[in-house]
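[1] coordinates only, no sequence provided:
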């Protein structure tokens with residue numbers, strides 16, 4: 001298999017967007033739909049009636065309004081969640097814009113939908129900053145559909161005509177360094193990308209190089225612990241390592257109308273359930289690299305990066321607000337109860353995508369050694 005550190009399905013443009021756009025069939029939707037149905041009738045229409053602080057939209061003293069073109073909502077709940085996560089990091093000063101400008105990178109930008117949403121929503125929420133959103137995707141081995149790339153550029157140009165998008169959006173090889181200067185970005189985003197990254201060490205090294213020391217990155221993707229395989233909507237399919245048993249399992253669940261057989265038969269031309277099972281098993285084998293949190297944390301340690309999972313709960317909040325027909329969240333509050341955010345991640349990582357915030361980490365060991373020497377000298381002098 002050729003080397004790849006951003007999965008090819010992100011460069012296929014249309015395929016992953018068609019798969020991931022099926023939000024109503026996503027396991028988190030089913031989970032939250034059940035929860036919403038269990039609420040009292042009045043609670044379904046009023047977040048304050050629920051009495052939970054997690055439904056509030058950021059701090060009372062400094063509310064921020066997030067605006068998008070579709071009546072205050074983006075085309076994707078995940079995009080709403082990413083935007084709310086970004087606003088949380090800015091509010092907490094975990095991301096520090098420089099020179100009156102906020103530079104954002106969308107890693108694996110696909111058709112440019114997230115680039116469009118971030119450019120519009122960040123400019124509306126942060127009028128005092130110049131917003132500069134960039135993006136790139138992988139475009140080799142026949143997966144570069146030039147027409148769709150040009151279409152994405154044209155769509156962005158129509159919505160943001162003052163920006164030269166061909167300078168901001170690009171396709172590049174998966175075997176070359178990212179084309180940006182060191183420390184160029186304040187913020188990096190990836191949406192459903194890290195489960196396709198083959199060479200995680202190279203990916204994290206480039207991420208660390210391109211982020212400013214006071215920057216951060218947000219990554220939304222399923223960990224290996226997620227029960228339902230995100231691309232075929234089949235429980236446990238990615239846990240089965242024996243290829244033939246994986247095919248049998250996907251075919252069995254397809255016959256029970258569990259999974260994405262009907263949708264993929266229309267979109268991808270799968271002739272029958274067995275053909276669907278074989279092709280889906282091949283896709284999982286070749287184009288996914290599921291990892292657990294510890295593996296990612298170890299790789300971040302080696303790359304001088306810190307990683308935290310505390311905002312994973314936000315995707316469930318955003319989805320529940322969508323089901324209750326409430327406005328998208330404008331930010332998230334950290335739990336005041338120690339361990340509750342971790343508990344949300346410990347449960348949520350099994351149900352849907354996780355949200356990891358990865359930041360550059362550094363420590364001035366020379367200053368510590370100097371301070372310890374000075375203190376030792378003072379004790380000896382005394």
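    All right, it came through fine. Quick caveat, the model's predicted, so the values are computed rather than measured.
[2] the worst-scoring helix or strand of the chain on mean pLDDT: what's the following helix or strand?
    Ranked by mean pLDDT, DSSP states H and E, the weakest helix or strand in the chain is helix 47-50, scoring a mean of 30. Under the assignment DSSP states H and E, the closest C-terminal helix or strand after helix 47-50 is helix 77-91.
[3] helices and strands around that following helix, which ones?
    In terms of contacts (3 or more CB pairs under 8 Å, 6 or more residues apart in numbering; DSSP states H and E), helix 77-91 is packed against helix 113-125, strand 185-191, strand 211-221, helix 313-323, strand 354-360. Where you see a C-beta, it was placed from the backbone N, CA and C, and this is true even at glycine.
[4] kindly calculate the angle that it makes with helix 113-125.
    40 degrees (axes from the mean of the first three to the mean of the last three CA atoms, to 10 degrees).
[5] centre of the chain versus helix 77-91, how much separation?
    Relative to its chain's centre, helix 77-91 lies at 10 Å (CA atoms, centre = their mean, to the nearest Å).
[6] next SSE downstream of that helix?
    Counting by DSSP H and E, the element after helix 77-91 in chain order, helix or strand, is strand 101-107.
[7] mind listing what's buried in that next one?
    By 16 or more other CB atoms under 10 Å, the buried positions in strand 101-107 come out as 102, 103, 104, 105, 106, 107.
[8] ok, now stretch 373-382?
    Buried, per 16+ other CB under 10 Å, within stretch 373-382: nothing.
[9] mean confidence score for that stretch?
    Mean pLDDT, computed over stretch 373-382, is 88.
[10] again, but for stretch 242-254
    Taken as a whole, stretch 242-254 has a mean pLDDT of 96.
[11] contacts for that stretch, please.
    Residues outside stretch 242-254 that contact it (CB atoms under 8 Å, 6 or more residues apart in numbering): 232, 234-237, 240, 259, 261, 273-274, 276-278, 280-281, 284-285.
[12] so which of those residues belong to strands?
    Cross-referencing the contacts of stretch 242-254 against strands under DSSP state E gives 234, 235.
[13] buried subset of the contacts of stretch 242-254?
    232, 234-235, 237, 240, 259, 261, 273, 276-278, 280-281, 284.
[14] which two in the residues you listed are spaced the farthest apart?
    235 and 278 (18.5 Å; CB to CB).
[15] among the buried ones among the contacts of stretch 242-254, which are in helices?
    Among the buried ones among the contacts of stretch 242-254, the members falling in helices are 261, 273, 276, 277, 278, 280, 281, 284 (criterion: DSSP state H).
[16] export those residues as TSV, with columns for distance to residue 88.
    As requested, those are exported to TSV (distance: CB to CB, whole Å):
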residue	distance to residue 88
261	38
273	43
276	40
277	41
278	43
280	36
281	38
284	33
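[17] which one of those residues is nearest to residue 196?
    Nearest to residue 196 out of those is residue 284 (CB to CB; 11.0 Å).
[18] leaving out sequence neighbours, find the closest residue to the closest one.
    residue 238 (5.6 Å; CB to CB, 6 or more residues apart in numbering).
[19] most centrally placed residue in this protein?
    The chain has residue 220 as the residue nearest its centroid, 2.2 Å off, counting by CA atoms, centre = their mean.
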